[in-house]
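J.: 3D model of this:
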Amino acid sequence: MPNHITAGFPTDCSICHTTSAWTGGVFNHTATGFPLTGFHATVACAGCHVNNNYSITVTTCVSCHLNKYTATTTPNHVQVGSPDLRDLPHTAVWTGAIFDHNTTTFPLTGYHATSVPCASCHVNNNYTSLPITCYGCHTATYNATTNPAHAAAGFPTTCATCHTTAAWTGATFNHTYFPVNHGNANGVCATCHTNPANYLVFQCTQCHGAGTRPISITRTSADMFTTV
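T.: The predicted model follows:
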């Protein structure tokens, strides 16, 4: 219960009280320029107005929560320069903050937006110098892939040529000059590409008898990875 005199409350009691009962007065915080929402609406007045200080004029979260801002380590807000203005990641509760990644140069889509914890990409609280290309983060996966062997076959490092953010598996290669569902191949790369280390050479005779098609054809890398 605030000290009305010290706090300088108006003497028009009807602003907060009714004639039904003196206790249970309701103060309209919206009129102050700081409407109470979420958890703030349930906090006792003295929780914010310490020592009957009802002359608070600041309206930013960090003004009251600076100790939490500086103590937070996941992520380290001070180190990464997180915004400290009101109503950005935090709203109804302090935990479970939501950061709008679409405001950055790397909007989150597909699997990135639904299943990846921040720390999986932002290792060691690095929120300032991560690559924004797929290959920049997935180099190890690219190099370790054997079906087909991306590095050995010279596949492009522009992962989005074949992959989407929906899932890493189920990639689709755009066979501009040769339909991927050609004949008996049925989209199985190894049917024609018998040498997984060199996808610039493919064998037609796997399905066609000798003499009906060239035994092998060599394409340039430019032909190999042409997209439309």
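
J.: my guess is residue 2 meets residue 9, correct?
T.: Yes. Residue 2 lies in contact with residue 9 (Cβ atoms under 8 Å); the separation is 6.9 Å. Where C-beta positions appear, they are placed from N, C-alpha and C, glycine not excepted.

J.: Give the closest residue to the residue at minimal distance from the centre of the chain in space, chain neighbours not counted.
T.: Centroid-nearest residue in the chain, with Cα atoms, centre = their mean: residue 108, separated by 4.1 Å. Distance criterion Cβ to Cβ, 6 or more residues apart in numbering; nearest residue to residue 108, sequence neighbours excluded, is residue 101 at 4.4 Å.

J.: Give the burial count for the one you found, as a bare number.
T.: 14 (other Cβ atoms under 10 Å).

J.: if I pick it, what's in contact with it?
T.: Taking Cβ atoms under 8 Å, 6 or more residues apart in numbering, we find residue 101 in contact with 107, 108, 113.

J.: Just the closest of those residues to residue 151, please.
T.: Proximity of these to residue 151 (Cβ to Cβ) peaks at residue 108, which lies at 27.3 Å.

J.: Need the three-state assignment for that closest one.
T.: For residue 108, the secondary structure call by DSSP: H, G, I helix; E, B strand; the rest coil comes out as coil.

J.: Equivalent analysis for the one 4 residues further on, please.
T.: Under three-state DSSP, the three-state class of residue 112 is helix.

J.: Now do the phi/psi pair for the residue nearest to it when sequence neighbours are not counted.
T.: Once flanking residues are discounted, residue 112 sits nearest to residue 165: 5.4 Å by Cβ to Cβ, 6+ apart. With angles defined as degrees, to the nearest 10, residue 165 sits at phi -80, psi 0.

J.: coming back round to it: residue 100 is in contact with the residue nearest to the centre of the chain, correct?
T.: No. Assessed by Cβ under 8 Å, residue 108 is found out of contact with residue 100, at 9.4 Å.

J.: Which residue ranges of this structure form strands?
T.: 201-203, 216-218 (DSSP state E).

J.: worst average pLDDT in these?
T.: The weakest mean pLDDT among the strands of the chain belongs to strand 216-218, with a mean of 47.
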